[in-house]
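Chemist: I would like the atomic coordinates for the input below:
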Amino acid sequence: MPSRIWFATKKAGIAPLGSRSAVTLRGIQSIGITTTFNLEQVFELGQSAIYENIEGIPDISVDIEKVLDGYSPVYTLATQQGGGASLIGRSCAQCTLAVSVFSDACNNASDAAVGVPNA
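Modeler: Next comes the predicted model:
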């Protein structure tokens with residue numbers, strides 16, 4: 001049976017694009033990040049083998065499940081820089097998402113994150 005890696009303690013935050021100060025997301029149940037790499041295969045005339053794989057811009061999808069607990073919804077925090085308060089006005093806004101992963105020995109997400117040296 002393969003070993004399962006389980007990170008019990010995680011913390012997520014959202015910041016406006018270009019900012020380094022993130023707002024902590026409260027009531028998060030799960031986060032999933034999926035990346036799809038778009039490859040275009042190019043063939044040479046008269047050859048059946050692939051001549052080159054052209055790598056396009058990857059598609060990245062982030063799925064966040066949150067409890068409705070009175071804190072701001074994730075969509076509202078992610079689209080603060082939108083052009084208006086409507087869904088259409090917020091549809092082109094971009095943000096920065098940060099996910100910190102902590103050791104399973106940590107009881108909460110306030111100790112040093114995995115891979116980050118203690119200052």
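
Chemist: list the helices and strands the helix or strand harbouring Val42 packs on?
Modeler: Secondary structure from DSSP states H and E places Val42 in strand 39-43. With contacts taken as 3 or more Cβ pairs under 8 Å, 6 or more residues apart in numbering; DSSP states H and E, strand 39-43 sits against strand 50-55. Backbone N, C-alpha and C define where each C-beta goes, glycine included.

Chemist: So what are the sheet partners of the very next helix or strand once past the strand it packs on and their directions?
Modeler: Counting by DSSP H and E, the next helix or strand C-terminal to strand 50-55 is strand 59-66. Next to strand 59-66 in the sheet, as set by DSSP bridges, lie strand 28-36 (antiparallel).

Chemist: Just the residues contacting the strand it pairs with, thanks.
Modeler: Strand 28-36 has contacts (Cβ atoms under 8 Å, 6 or more residues apart in numbering) with 10, 12, 58-67, 99.

Chemist: What angle do strand 50-55 and the strand holding Val42 make with each other?
Modeler: Going by axes from the mean of the first three to the mean of the last three Cα atoms, to 10 degrees, strand 39-43 is angled at 160 degrees with respect to strand 50-55.

Chemist: Send me strand 39-43 as PDB with only the CA atoms.
Modeler: Taking C-alpha atoms only, strand 39-43 is exported to PDB below (Å, rounded to 0.1, in the frame of the first residue of the first chain):
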ATOM      1  CA  LEU A  39       0.400  21.200 -25.900                       C
ATOM      2  CA  GLU A  40       0.100  21.700 -29.600                       C
ATOM      3  CA  GLN A  41       1.700  18.900 -31.600                       C
ATOM      4  CA  VAL A  42       3.500  20.000 -34.800                       C
ATOM      5  CA  PHE A  43       4.200  17.400 -37.500                       C
END
